[in-house]
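Student: Provided below for reference: sequence and predicted model.
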Amino acid sequence: MALQPSLRPLVVAGSIDAPHTLDIFLDYVCPFSAKIALVIDGVLKPLFASGGKYADKVKVIIRLQVQPWHASSTLTHESALALFKKQGDYFDIPSSSLTPLQIRDSLAELAAQVIPSDAVKDFKDLLILKSTPNGGNAVTDDLKYTIKFSRQNGIHVSPTVLWDGLVANEISSSWGVKEWSEFLANKVNV
């Protein structure tokens with residue numbers, strides 16, 4: 001499916017020009033999203049990488065799916081860098097007594113552990129609130145795009161997976177190598 005240029009980094013596996021697309025809608029504070037994210041890294045990336053069985057045939061696009069019942073979901077998605085193995089810090093109870101600014105600071109500290117030190121200030125600057133009372137921050141427009149995209153496609157929960165633009169309800173966050181291999185063998189036809 002279409003992807004605006006500012007969100008191209010969300011193509012996390014396969015070639016951007018691959019004819020087949022897996023759109024995977026994830027919420028950074030959803031434990032089931034974490035399960036499928038680890039499968040993307042361990043199972044799908046090797047299959048879609050150069051030399052993999054489905055190289056240049058399938059791409060994976062991560063679609064950020066804000067779940068409003070997780071109070072800090074919006075904040076973690078603004079950062080787009082929250083690590084799944086640290087997601088528990090942003091669950092409802094641990095983050096319930098923190099302000100949005102405290103959560104953003106925490107996310108910036110987390111990002112500082114994985115991005116180059118000279119990029120940390122630029123990252124923090126992206127999360128600074130604009131001067132207008134309800135203007136958001138530098139990534140608000142990208143977040144709005146991802147939410148609008150999900151809503152127009154009827155995505156309600158995470159993880160949800162689309163295969164070539166259609167919801168593939170048979171896909172589960174519990175799938176491993178066997179299930180993904182069978183699914184791809186039946187679907188990839190180029």
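Tutor: That came through, no problem.
Student: Walking through the chain, point out its strands one by one.
Tutor: 11-13, 20-26, 58-64, 160-163, 166-167 (DSSP state E).
Student: Could you double-check that Ala13 lies in contact with Ile40?
Tutor: Yes. Contact criterion CB atoms under 8 Å: Ala13 and Ile40 qualify, at 6.3 Å. Backbone N, C-alpha and C define where each C-beta goes, glycine included.
Student: Looking at those two, which has the bigger crowd around it?
Tutor: Ala13 (23 against 19; other CB atoms under 10 Å).
Student: Give me the distance between that one and Leu101.
Tutor: For Ala13, the distance to Leu101 equals 34 Å [CB to CB, to the nearest Å].
Student: before we move on, the earlier item: to Ile128, which of the strands of the chain lies closest?
Tutor: Proximity to Ile128 (CB to CB) singles out strand 58-64 among those, at 20.1 Å.
Student: other SSEs contacting that closest one?
Tutor: Judged by 3 or more CB pairs under 8 Å, 6 or more residues apart in numbering; DSSP states H and E, strand 58-64 is in contact with strand 11-13, strand 20-26, helix 45-48, helix 140-152.
Student: Please point out which parts of the second one sit buried.
Tutor: Neighbour-count burial for strand 20-26, counted by 16 or more other CB atoms under 10 Å, picks out 20-26.
Student: same deal with the third one?
Tutor: Applying a neighbour-count criterion of 16+ other CB under 10 Å, the buried positions in helix 45-48 are 47-48.
Student: Any idea what Arg63 is bridged to?
Tutor: The partner list for Arg63 in beta bridges (DSSP bridges) reads Phe25.
Student: Correct me if wrong: it contacts Asp27.
Tutor: No. Using CB under 8 Å, Arg63 is not in contact with Asp27, being 10.2 Å away.
Student: before we move on, back to that, what's the overlap in contacts for Ala13 and Ile40?
Tutor: Val60 (CB atoms under 8 Å, 6 or more residues apart in numbering).
Student: what's the weakest-modelled helix or strand in the chain?
Tutor: helix 73-79 (a mean of 65; mean pLDDT, DSSP states H and E).
Student: Which pLDDT value belongs to Ser97?
Tutor: At Ser97, the model reports a pLDDT of 93.
Student: Relative to Glu179, which of the strands of the chain is closest?
Tutor: strand 160-163 (11.9 Å).
Student: ok, residues contacting that closest one?
Tutor: Identification of contacts with strand 160-163 by CB under 8 Å, 6+ apart yields 1, 20-25, 36, 65, 153, 167-168, 171, 187.
Student: Tell me the one of those residues nearest Gly88?
Tutor: Once CB to CB is applied, the member of those that ends up nearest Gly88 is Ile36, at 17.0 Å.
Student: if I pick that closest one, what's in contact with it?
Tutor: Residues in contact with Ile36 (CB under 8 Å, 6+ apart) are 24, 26, 159, 161, 173, 175.
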